[in-house]
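Undergrad: Output the structure for:
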Amino acid sequence: SLERTNKLIILDESTRSGGVGASVSSAIAEEMFDLLDAPVMRLSMDDAPVPYASAMEKVVVKRGADLVDGVLKMCYGKV
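TA: Have a look, this model is predicted:
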């Protein structure tokens with residue numbers, strides 16, 4: 001929880017701009033800024049179309065392993 005850890009990571013399969021993660025990040029920054037000890041980390045796709053080929057999609061769309069790497073980076077400064 002944000003109140004317990006004072007950190008927030010958002011994993012979103014949509015693009016960085018205009019995705020749900022951007023809206024959630026913005027709302028948290030506006031309403032709960034005082035709780036944050038670090039910037040909100042957003043793990044999302046780059047602003048590009050999603051590839052149709054499944055092998056290429058796996059490279060572009062963020063997965064659970066990316067979330068684990070993000071948590072390690074945020075908490076310990078390393079991956």
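
Undergrad: Which stretches in the protein count as helices?
TA: Ranges of helices in the chain, per DSSP state H, are 2-5, 20-31, 54-60, 64-76.

Undergrad: Quick one: list the elements packing against the first one.
TA: When you say that, I think you mean helix 2-5. Applying 3 or more CB pairs under 8 Å, 6 or more residues apart in numbering; DSSP states H and E, we find helix 2-5 packed against no helix or strand. (C-beta placed from N, C-alpha, C; glycine too.)

Undergrad: 10 Å instead, please
TA: Judged by 3 or more CB pairs under 10 Å, 6 or more residues apart in numbering; DSSP states H and E, helix 2-5 is in contact with helix 64-76.

Undergrad: What residues sit buried inside the helix it packs on?
TA: Using 16 or more other CB atoms under 10 Å as the test for burial, helix 64-76 gives 70-71, 74.

Undergrad: what's the answer for stretch 6-20, then?
TA: Neighbour-count burial for stretch 6-20, counted by 16+ other CB under 10 Å, picks out 7-10, 12, 15, 19.

Undergrad: Give me the mean pLDDT for it.
TA: For stretch 6-20, mean pLDDT is 89.

Undergrad: Please compute how far it lies from its chain's middle.
TA: Centroid separation for stretch 6-20 versus its chain: 4 Å, with CA atoms, centre = their mean, to the nearest Å.

Undergrad: what's the span of it, first residue to last?
TA: Chord length of stretch 6-20, first to last residue, is 21 Å (CA to CA, to the nearest Å).

Undergrad: Run through who's touching it.
TA: 1-2, 21-25, 28-29, 32, 34-50, 60-64, 66-67, 70-71, 73-75 (CB atoms under 10 Å, 6 or more residues apart in numbering).

Undergrad: Of the residues you listed, keep whichever come out buried.
TA: Buried subset of these (neighbour count, 16+ other CB under 10 Å): 21-22, 25, 28, 40-45, 62, 70-71, 74.

Undergrad: Name the nearest of these relative to residue 56.
TA: Taking CB to CB as the measure, residue 45 is the one of these closest to residue 56, at 11.8 Å.
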